[in-house]
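J.: fold the following for me, if possible:
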Amino acid sequence: MSDTAILILAGAILVAALVVALARRREDGAALLAGRLDALAAAQEKQADRLALLSEHQAERLAAQEQALSDRLAQATATMTDTLIAQQKTMNEAIAAQNERLAQQERAIADRIAAQNEALNAILSGQTERVTRTLEEQAKRAAETAAAIQERLAVLDAARANIEGLGQQVGSLAAILSNKQSRGAFGEVQLKQIVEDRLPPDAYAFQHVFATRARADCLIRLPYPPGPVAVDSKFPLESWLAERDAADEASRAAAARRFAADVRKHVEDVGSKYIIPGETADGALLFVPSEAIYADLHARFAQVVEEAARRRVYVVSPTTLWAVLGTMRALLQDVRMRAEARRIQEEVRKLMAELQRFDERVSDLRKHFDKAGDAIRAIETTRERITRAGERIAAVELGETPEALPKP
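T.: Numbers count the residues shown, from 1 in each chain. Now for the predicted structure:
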């Protein structure tokens, strides 16, 4: 509705209100009011003519403005459509290039992952092969040790069968043991043969000199605890030989007492010289190179043996020393196996750490792929929105009159 029509309607409403009001208040002025109304009607008729003329001119101006606006809108729509098409083409090219780069990166990453997997498989295969080889070697050594133990047990059985023959050999042994130097050499040679037969070369040392300048016939290098163990082979036998060669009972008893005193003195010397705190174990071995003397010592001088044990000096014979060295050898093998096991565990921990870092890198790579996929989806969403906006702009239909036009 135009402004002129609104003014006409408002004037009519105002006139009607005035008529009603004047009719109610002053019925006697109806004639005067009718005259005024006639004049007002004439004025309104003139105003209507003027408004009609003005509406005709205004309609022409509005038509011209509408045509100009339609032309501008069509031109802007065409320009916008061309711009959107060019932007869409550029966007499609950028997306294609980005897809190509992502495909290349994905192929390169896949190649790197395959190479890393191959290297990891090679490392695992090498570690597994080394562990398997080590376990096989240890099993082989254990089997060899068991076979050697069986052989030694057979030797022991044969030795037990030949114990009676030792009594017949006491005479020749006494001839050897009668000389102190030959007795010491005989004990050292026998000790050396037993030790070399039972222990690896790096587990012992002969004629070892301590920090106190004391020299041990043999030092067995055991790990702490218990630590290195010294072995002495200089057993006192003069009084024992004197007891054996005694002519009467009194001489035999005196020689026995002297033999016990000599053994106690030698035990004290071994304990003081070969048990060194911080350098050796808390005990030492006293080697007796004769099973007969060893058996006689335990049978008739048990108190001396007990006293030696209290002083942490343990008397051993060739047979018992062989058994003790077997136990020490097992201890050394156990220590070495534990060291190898710790080394294997350390290598496995390093391998697990590398595997964890590999998993973290794969996770980071997966996150990058997820972010790239999100970016591509966001780009596609934006492209779809731009396409829909271009379609809406291209489908705009202009009517004869706009919904709202600026006032002239």
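J.: output stretch 53-69 in CSV with nothing but the alpha carbons.
T.: C-alpha atoms of stretch 53-69 as CSV (Å, rounded to 0.1, in the frame of the first residue of the first chain):
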residue,chain,number,x,y,z
LEU,A,53,-0.7,11.9,-10.8
LEU,A,54,2.1,11.4,-8.2
SER,A,55,1.6,7.6,-8.1
GLU,A,56,1.9,7.4,-11.9
HIS,A,57,5.2,9.2,-11.9
GLN,A,58,6.4,7.1,-9.0
ALA,A,59,5.5,3.9,-10.7
GLU,A,60,7.5,4.8,-13.7
ARG,A,61,10.6,5.6,-11.5
LEU,A,62,10.2,2.3,-9.6
ALA,A,63,10.0,0.4,-12.8
ALA,A,64,13.2,2.0,-14.0
GLN,A,65,14.9,1.3,-10.7
GLU,A,66,13.7,-2.3,-10.7
GLN,A,67,15.1,-2.9,-14.2
ALA,A,68,18.5,-1.4,-13.3
LEU,A,69,18.6,-3.5,-10.1
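J.: got any ranges where the stretch 51-200 of the chain has weak pLDDT?
T.: Scanning the stretch 51-200 of the chain for pLDDT under 70 picks out 54-55, 59, 120, 124, 127, 146, 153, 156-157, 159-186.
J.: which residues in it form helices?
T.: Taking DSSP state H, counting those that start in this stretch as the test, the helices found in the stretch 51-200 of the chain are 163-177, 180-198.
J.: centroid residue for this structure?
T.: residue 353 (3.4 Å; CA atoms, centre = their mean).
J.: check for me that that one belongs to a strand.
T.: No - looking at residue 353 with DSSP: H, G, I helix; E, B strand; the rest coil, it is helix, so not inside a strand.
J.: that one and residue 204: what is the separation?
T.: Using CB to CB, to the nearest Å, residue 353 is found at 40 Å from residue 204. Where C-beta positions appear, they are placed from N, C-alpha and C, glycine not excepted.
J.: try residue 232
T.: Taken as CB to CB, the span from residue 232 to residue 204 is 14 Å.
J.: for residue 231, helix, strand, or coil?
T.: Under three-state DSSP, residue 231 falls in the strand class.
J.: wait, it touches residue 217, no?
T.: Yes - in this structure, residue 231 is within contact of residue 217 by CB atoms under 8 Å, at 5.9 Å.
J.: among those two, which residue is more densely surrounded?
T.: More crowded of residue 231 and residue 217, by other CB atoms under 10 Å: residue 231, with 26 against 21.
J.: what's near enough to touch that one?
T.: Counting by CB atoms under 8 Å, 6 or more residues apart in numbering, residue 231 touches 191, 195, 216, 217, 218, 219, 220, 284, 285, 287, 321.
J.: per-residue confidence for it?
T.: Among the per-residue scores, residue 231 holds a pLDDT of 89.
J.: tell me the bridge partners for it.
T.: Residue 231 has these beta-bridge partners by DSSP bridges: residue 218, residue 285.
J.: separation between it and residue 267?
T.: Distance from residue 231 to residue 267, by CB to CB: 14 Å.
J.: same check on residue 378?
T.: From residue 378 over to residue 267 the distance is 92 Å, taken as CB to CB.
J.: with neighbour numbers in mind, choose between the two.
T.: More crowded of residue 378 and residue 267, by other CB under 10 Å: residue 267, with 25 against 10.
J.: is it correct that the more buried one is in contact with residue 310?
T.: No - using CB under 8 Å, residue 267 is not in contact with residue 310, being 9.7 Å away.
J.: assign residue 281 to helix, strand or coil.
T.: coil.
J.: in contact with it, which residues?
T.: Applying CB under 8 Å, 6+ apart, the residues contacting residue 281 are 222, 225, 226, 227, 228, 229, 275.
J.: among these, which one lies nearest to residue 51?
T.: Distance ranking of those against residue 51, using CB to CB, places residue 225 first at 124.6 Å.
J.: find the nearest non-adjacent residue to that closest one, please.
T.: Distances taken as CB to CB, 6 or more residues apart in numbering place residue 281 nearest to residue 225, at 7.6 Å, with adjacent residues excluded.
J.: before we move on, back to that, shared neighbours, residue 231 and residue 217?
T.: Common neighbours of residue 231 and residue 217 (criterion: CB under 8 Å, 6+ apart): 191, 287.
J.: and stretch 71-89, how far out from the chain middle?
T.: 60 Å (CA atoms, centre = their mean, to the nearest Å).
J.: from residue 210, how far off is residue 272?
T.: From residue 272 across to residue 210, the span is 12 Å (CB to CB).
J.: who's more crowded, the two?
T.: Comparing residue 272 with residue 210 by other CB under 10 Å, the one with more neighbours is residue 210, at 16 against 13.
J.: run through the residues that contact that one.
T.: 216, 273, 274, 276, 279, 280.
J.: show me what the helix or strand hosting the second one is packed up against.
T.: Read that as residue 273. Assigned by DSSP states H and E, residue 273 falls within helix 249-274. Judged by 3 or more CB pairs under 8 Å, 6 or more residues apart in numbering; DSSP states H and E, helix 249-274 is in contact with strand 229-232, helix 238-244, strand 284-287, helix 302-310, strand 313-316.
J.: if you set the cut-off to 6 Å instead, what comes out?
T.: Helix 249-274 is packed against helix 238-244, strand 284-287, helix 302-310, strand 313-316, with contacts defined by 3 or more CB pairs under 6 Å, 6 or more residues apart in numbering; DSSP states H and E.
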